[in-house]
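> whatever this is, show me its structure:
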Amino acid sequence: MQPISAGRRRLKPSQLLIGLLILGAGGYWLFQTVRRGTFSSDPGSATAVVSSKPGEGDREIPLNVKIVATVTPGRAVEQMSLNADTVRLLRASDGKPVPGSPVATSSGESITFMPAIELEPATRYTFSVFGAKDSNEDELLPYTMSFMTTAAAVVPAATTISQ
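Below is the predicted model of the structure:
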């Protein structure tokens, strides 16, 4: 392969690739700075879901589960950014959404999702947070986890009334 000429100096293909990568990164930085006003290349500075209950891969989850996702300590979720598009629970087999309402705690330290219907037994579900914002109006890092419900509905014990 012939080196590409750039003026008097000849560039090797590897040098050209490195140059294009640097230009691409600079363009991304510029785009983010203009779009958001700030840019941080440190992912540790972003707000993220750091844990959830149930957690990734959990099994035997009750059919009336309440999902709680905790965000980066010291950060807060903006309640107005939580809706059916940003916080979702889907049946994994066909992607059917489970109705419910996401709510942030008063301190914003966690997101709670309570399904409006009982979940199906022995079924895998996927919970995701994508596009929600923190109190600084910055998007949370995307989060996804899956869990499996218990095989059978819990039936309350029979009650005996004595006279």
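
> hey, which helix or strand in this protein has the poorest pLDDT?
Lowest by mean pLDDT, DSSP states H and E among the helices and strands of the chain is strand 4-6, with a mean of 53.

> what about the strands in this structure?
For the chain, the strands defined by DSSP state E occupy 4-6, 9-11, 49-53, 67-71, 87-91, 100-104, 110-115, 124-129, 143-148.

> from the contact counts, what lies against the third one?
Which is strand 49-53. Where contact means 3 or more C-beta pairs under 8 Å, 6 or more residues apart in numbering; DSSP states H and E, strand 49-53 is packed against strand 67-71, strand 143-148. In this view, the C-beta of every residue, glycine as well, is placed from N, C-alpha and C.

> wait, which of these is closest to residue 85?
Residue 85 sits nearest to strand 143-148 of all these, at 14.6 Å, using C-beta to C-beta.

> what's next to that closest one, contact-wise?
Contacting residues not belonging to strand 143-148 are listed as 48-49, 52, 54-61, 65, 69, 92, 122-130 [C-beta atoms under 8 Å, 6 or more residues apart in numbering].

> wait, residue 88 sits on residue 125?
No: counting by C-beta atoms under 8 Å, residue 88 does not reach residue 125; the two are 10.1 Å apart.

> with neighbour numbers in mind, choose between the two.
Taking neighbours as other C-beta atoms under 10 Å, residue 88 and residue 125 compare with residue 125 leading, 23 against 19.
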